[in-house]
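1. Whatever this is, show me its structure:
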Amino acid sequence: MEVIRDISDFPQLSHAVVTSGTFDGVHIGHQKILKRVRERARQSNGQSVVITYWPHPRLVIFPDDNDLKLLSTIEERIEQLRSYGIDYLLIIPFTKEFSRTSSRSFITDVLVRTINTKVLVIGYDHRFGKNREGSFENLKARSAQYGFEVEEIPRQDVDDVAVSSTKIRKALEEGDIETANRYLGRNYPLTSVVVEGDRLGRTIGFPTANLALPANHKQVPGQGVYAVWVRHAQEKHPGMMNIGMRPTVEGTTLTLEVHILGFDRDIYGQTLTVEFVALLRHEQKFDGLEELKAQLALDKEQTKQLLHH
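-> Numbers count the residues shown, from 1 in each chain. Next comes the predicted model:
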């Protein structure tokens, strides 16, 4: 997949089959659109193209909105789209100026002149342009004038399990990893850098890698202990992760700690990707470190069973 971040660098294509959207999380509803784009491109011996935007439009239009949480960073989104076999990804920098672009200008300047669109595939009720004025009906009425075909994915195909990024975020907040992963079609990932902790875990036989809280409004699952897979370099390890305030030791700030089973290396400053598999339990306060240690041993056995390790 070729990633293009400057619209002026977009190549001349013979038969572009295009879709456009934020694709936050690239969930199973999005995946149906991507599959159709690939199919149409293959049928015409053409090229599949995804247009996406960064930063997320809401962060630009409502800069004071601190409630928005994202399922994927732009780096994660690129890799997720790459895994679905898209040929070209155009990332348009979303600015206040761009938000004022009319749907007509977007069609003529981006879809027609820049990309040479032959087929535009859009999800049910997808809108674009200033004030979201561009609609399927609007496009359909002018498709002959613009020189491309418009195909809308029916609602039942995109939304057959009522998938939406909002529902996935809510599931993650509640620790309902099973629902989130089912809607995503993969384990929910979180990537961050290992930072110095207080090394308490090491004293009770459960050393942990402390992760920095991710930036860019990335959604962190709700407080609790999770069975996870941990990707480090080219390796994949089973692990259990605690997200919470650590009430047993009177913690005052949210921490992300992952105990990687059978792993004991110095990885400070290195990047880990944690893939959430299941919630083991919600965070709780124990009567001292011995009781906590006993519970962690039980968590470890449950993690091994869940991950078949």
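2. pretty sure Ile107 is touching Asn138, no?
-> No - with contact defined as Cβ atoms under 8 Å, Ile107 does not count as touching Asn138 (9.1 Å). In this view, the C-beta of every residue, glycine as well, is placed from N, C-alpha and C.
3. Tell me which of the two has more neighbours.
-> Ile107 (23 against 17; other Cβ atoms under 10 Å).
4. all helices of the stretch 151-300 of the chain, in order?
-> All helices of the stretch 151-300 of the chain, identified by DSSP state H, counting those that start in this stretch, fall at 155-158, 165-173, 177-184, 200-203, 289-306.
5. which one of these lies closest to Val17?
-> Comparison of those against Val17 by Cβ to Cβ identifies helix 155-158 as nearest, at 16.8 Å.
6. tell me the average confidence for the closest one?
-> In this model, helix 155-158 has an average pLDDT of 62.
7. next one: stretch 260-269
-> Confidence for stretch 260-269, expressed as mean pLDDT, is 86.
8. What are the buried residues along it?
-> Neighbour-count burial for stretch 260-269, counted by 16 or more other Cβ atoms under 10 Å, picks out Ile260, Phe263.
9. contact partners of it?
-> For stretch 260-269, the surrounding residues in contact (Cβ atoms under 8 Å, 6 or more residues apart in numbering) are 193-196, 207, 209, 230, 232, 237-240, 300, 303-304, 309.
10. Measure how buried Pro93 is and give me the count.
-> The local packing of Pro93 (other Cβ under 10 Å) involves 13 other residues.
11. Quick check: phi and psi on it?
-> Note on Pro93: its backbone torsions stand at phi -60, psi 120 [degrees, to the nearest 10].
12. Leaving out the residues flanking it, which one is nearest to it?
-> Trp54 (6.8 Å; Cβ to Cβ, 6 or more residues apart in numbering).
13. Show the contacting residues for that neighbour.
-> By Cβ under 8 Å, 6+ apart, the contact set of Trp54 is Ile74, Ile91, Ile92, Pro93, Phe94.
14. Output those in JSON lines, with pLDDT appended to each entry.
-> Below are these laid out as JSON lines (pLDDT from 0 to 100):
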{"residue": "Ile74", "pLDDT": "94"}
{"residue": "Ile91", "pLDDT": "98"}
{"residue": "Ile92", "pLDDT": "96"}
{"residue": "Pro93", "pLDDT": "96"}
{"residue": "Phe94", "pLDDT": "94"}
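15. taking the residues you listed one by one, which sit in strands?
-> Mapping the contacts of Trp54 onto strands (DSSP state E) picks out Ile91, Ile92, Pro93.
16. residues contacting the closest residue to Arg231 other than its chain neighbours?
-> The shortest distance from Arg231 to any non-neighbouring residue, by Cβ to Cβ, 6+ apart, is to Thr273 (4.2 Å). Thr273 makes contact with Pro189, Leu190, Thr191, Val230, Arg231, according to Cβ under 8 Å, 6+ apart.
17. Number of residues surrounding the third one?
-> Other residues within reach of Thr191 by the criterion other Cβ under 10 Å amount to 17.
18. So it sits against Ser72, correct?
-> No - using Cβ under 8 Å, Thr191 is not in contact with Ser72; the gap is 9.9 Å.
19. Tell me where the model's unsure across the stretch 1-150 of the chain.
-> Along the stretch 1-150 of the chain, the parts satisfying pLDDT under 70 run over 124-136.
20. Could you pull out the helices in it for me?
-> Using DSSP H, counting those that start in this stretch, the helices found in the stretch 1-150 of the chain span residues 28-43, 57-61, 74-83, 96-99, 103-105, 136-146.
21. quick check: angle from the third one to helix 28-43?
-> I take that to be helix 74-83. Here helix 74-83 runs at an angle of 50 degrees relative to helix 28-43 (axes from the mean of the first three to the mean of the last three Cα atoms, to 10 degrees).
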